[in-house]
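[1] the following comprises the amino acid sequence and a computationally predicted model.
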Amino acid sequence: MNAKDFDIALKDVEGRLEHLRIRFEQYFQGLERMAPERDHEALRRSLLELQRHVPRNTALRFRYQQLKQKRVTLSTYWTRVCRQIEEGTYRRDVLRARKRHADVESRASAPASFDIDVDLDMDMDAEVDAALDALSGPPTERPAPPSVTPFAGLAAAPRKASDAPTIAKFGPPASHPPRRPTAPKAPPPPPARCAPAAPARPAPPRPASAGGLGDDSVRRIYDRYLEARRKNNERVDNVKLATLKRSIDKMMPKLRQKHAGKRIDFEVVVKNGRVGLKPVAKDA
């Protein structure tokens, strides 16, 4: 093998070594399922084959020694990381395990809550009932109320002739005493002039319904909900304040019963590409 052919073969092995380094890094990151051990062994044999044809050119001999030393260094690094992966002490796997453990603990300590999407395109009552059932557990079957026929004890019965009301006819009295003339009645006094009525006072703001939120809080949640839907490129013309308030009032009794002594608030979240409301229990 002359110097020109050796230079071409050396460039090919250099490219294969760089490609092999990239594949090992992908395996360490979890992108490759298996380590490229076969390609590594083929590269080692190629270097041994080139060693038999090393020319006297100093530059080519230096390049070959540098490539050989680079392969040995990378091989040591790859062997150490593969052994750590097999033992479960690799830094990537340890960090993933810690993150998974932290997520489990955060979910266990977080207050129970559920998400609901306030969109008028769906059946709002069915969505709220399903969310409340998921929060409070499986619903218990209630016995059906007994059917009662109204006025069951008052069955119609044929009337008798004796049950009909009797009307007594009275004729005029035999003699009537003479009537006395009545004096004319005095005209009624003129009505007293009433004082002008005071102007009506404005009605006080309507308080929050039992177990619900005030109008100001509902308005604040409604504004944030509309703003989130606009940013998420969702419709806002089909969301009404009355529907949102009715949904919140329906959820509040169960939430207050489950989180007694805590303040219930609602956060606007985006889940599965859609904007919804998430009730959150906070310390009072």
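    Alright, I've got the coordinates.
[2] low-confidence stretches in this structure?
    Along the chain, segments meeting pLDDT under 70 span 108-212, 284.
[3] tell me the domain boundaries of it?
    Domains of the chain are assigned by automatic domain parsing as 3-104, 111-136+209-283.
[4] return the most buried member of those domains.
    Stretch with highest mean neighbour count among those: domain 111-136+209-283 (a mean of 15; mean count of other C-beta atoms under 10 Å). Any C-beta I mention is one placed from the backbone N, CA and C, and that applies to glycine too.
[5] and the next helix or strand past the helix or strand that contains Lys11?
    Element membership for Lys11, per DSSP states H and E: helix 3-28. Next in sequence after helix 3-28, counting helices and strands by DSSP H and E, comes helix 37-51.
[6] what helices or strands is the helix holding Lys11 leaning on?
    Contact here means 3 or more C-beta pairs under 8 Å, 6 or more residues apart in numbering; DSSP states H and E; on that basis helix 3-28 packs against helix 37-51, helix 58-87.
[7] got those helices as TSV, with distance to Val218 columns?
    Compiled in TSV, those are given as follows (distance: least, C-beta to C-beta, whole Å):
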stretch	distance to Val218
helix 37-51	64
helix 58-87	54
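[8] closest one to Ala281 among these?
    Nearest of the helices and strands packed on helix 3-28 to Ala281, taken as C-beta to C-beta: helix 58-87 at 42.5 Å.
[9] phi, psi of Ala281?
    phi -90, psi 120 (degrees, to the nearest 10).
[10] beta partners of it?
    When assigned by DSSP bridges, Ala281 has beta-bridge partners Ile264.
[11] hang on, it packs against His259?
    Yes - at 3.8 Å, Ala281 counts as touching His259 under the criterion of C-beta atoms under 8 Å.
[12] checking my notes, Val270 in a strand, right?
    Yes - assignment of Val270 by DSSP: H, G, I helix; E, B strand; the rest coil places it within a strand.
[13] residue contacts, it?
    Contacts for Val270 (C-beta atoms under 8 Å, 6 or more residues apart in numbering) come out as Ala228, Asn232, Gly276.
[14] would you turn these into TSV with distance to Leu244 and secondary structure?
    TSV is the format used below for the contacts of Val270 (distance: C-beta to C-beta, whole Å; DSSP: H, G, I helix; E, B strand; the rest coil):
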residue	distance to Leu244	secondary structure
Ala228	13	helix
Asn232	17	coil
Gly276	12	strand
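[15] just put those in JSON lines and tack on distance to Gln84.
    Formatted as JSON lines, these follow (distance: C-beta to C-beta, whole Å):
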{"residue": "Ala228", "distance to Gln84": "45"}
{"residue": "Asn232", "distance to Gln84": "43"}
{"residue": "Gly276", "distance to Gln84": "43"}
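[16] wait, which of those residues is closest to Ala42?
    Closest approach between the contacts of Val270 and Ala42, by C-beta to C-beta: Asn232, at 52.2 Å.
[17] tell me the spacing between the closest one and Arg274.
    Between Asn232 and Arg274 the distance is 7 Å, computed by C-beta to C-beta, to the nearest Å.
[18] got it, and His40?
    The value you get for His40 to Arg274, if C-beta to C-beta is used, is 48 Å.
[19] and what of Ile221?
    Distance, Ile221 to Arg274, by C-beta to C-beta: 17 Å.
[20] for Leu244, give me its contacts.
    By C-beta under 8 Å, 6+ apart, the contact list for Leu244 reads Val118, Val218, Ile221, Tyr222, Tyr225.
[21] surely the last one forms part of a helix?
    Yes - following the definition three-state DSSP, Tyr225 is counted among the residues of a helix.
[22] before we move on, the earlier item: so of the contacts of Leu244, which ones are in helices?
    Per DSSP state H, helices hold the following members of these: Val218, Ile221, Tyr222, Tyr225.
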